[in-house]
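Novice: pasted the sequence and its predicted model underneath.
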Amino acid sequence: MVIWVIGLSGAGKTTIGKALATLWKKTSPNTVFLDGDMIRYIIGDNLGHTLADRERNGWRVCRLCEHLDNEGLNVVCSVVSLFPEQRAWNRQKYSSYFEVYVKVPISELCNRDQKGIYSGFLEKKIVNVAGLDLPFNEPSADMVIENSEPFISPHQLAQNILEKAQSFALIK
């Protein structure tokens, strides 16, 4: 099964994804965690962040998850995931696919700005920022998590996701 955790930069998808993978490993040790930045590093980080480069990288992530799924591994993948056609492909290719959208208002993301992406964009030092100058259409995910106020711990969110994903997989 692949649990695809998506959202804009700073939404909390990596933190939630790590907590989810840790929790899932307790009952299924064959679980791996992937993150968009991690995958870029592993593959060689030879792509930029233009829309075309993001699309190419997105297909790399999709195919890597397909390979791991075919090998019998559970995958938690935390990525921005800009392209609806890639998410549709995932639904067709993986043994079981559960999509989680970590939703945070752009104003909150600008306040968090852990990586300096949003301030860099506002200062005109950075371009190709998903949700600002690159379009990000909210997905029709299997589960939507509002990750602003009130605060819910990543562990609790992970528990909620895992319960819903596992029941979803049984129903399919």
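Specialist: Ah, there it is.

Novice: state which helix of this structure is the longest.
Specialist: helix 51-70 (DSSP state H).

Novice: check which helices and strands it is in contact with.
Specialist: Contacting helix 51-70 under the criterion 3 or more CB pairs under 8 Å, 6 or more residues apart in numbering; DSSP states H and E are the following elements: strand 2-6, strand 31-35, helix 36-43, strand 74-79, helix 84-93. Just so you know, the C-beta spots here come from the backbone N, C-alpha and C atoms, and that holds for glycine as well.

Novice: what is the rounded mean pLDDT of the helix or strand containing residue 167?
Specialist: Here residue 167 sits within helix 154-171, counting by DSSP states H and E. Mean per-residue pLDDT for helix 154-171: 88.

Novice: picking up where we left off before, residues of the longest helix of the chain that come out buried?
Specialist: Buried residues in helix 51-70, defined by neighbour count with 16 or more other CB atoms under 10 Å: 54, 57, 58, 61, 62, 64, 65, 66, 68, 69.

Novice: surely the first one and residue 80 touch.
Specialist: Yes - between residue 54 and residue 80 a contact is recorded at 7.5 Å, counting by CB atoms under 8 Å.

Novice: which neighbours do the two share?
Specialist: Residues touching both residue 54 and residue 80 by CB atoms under 8 Å, 6 or more residues apart in numbering: residue 130.
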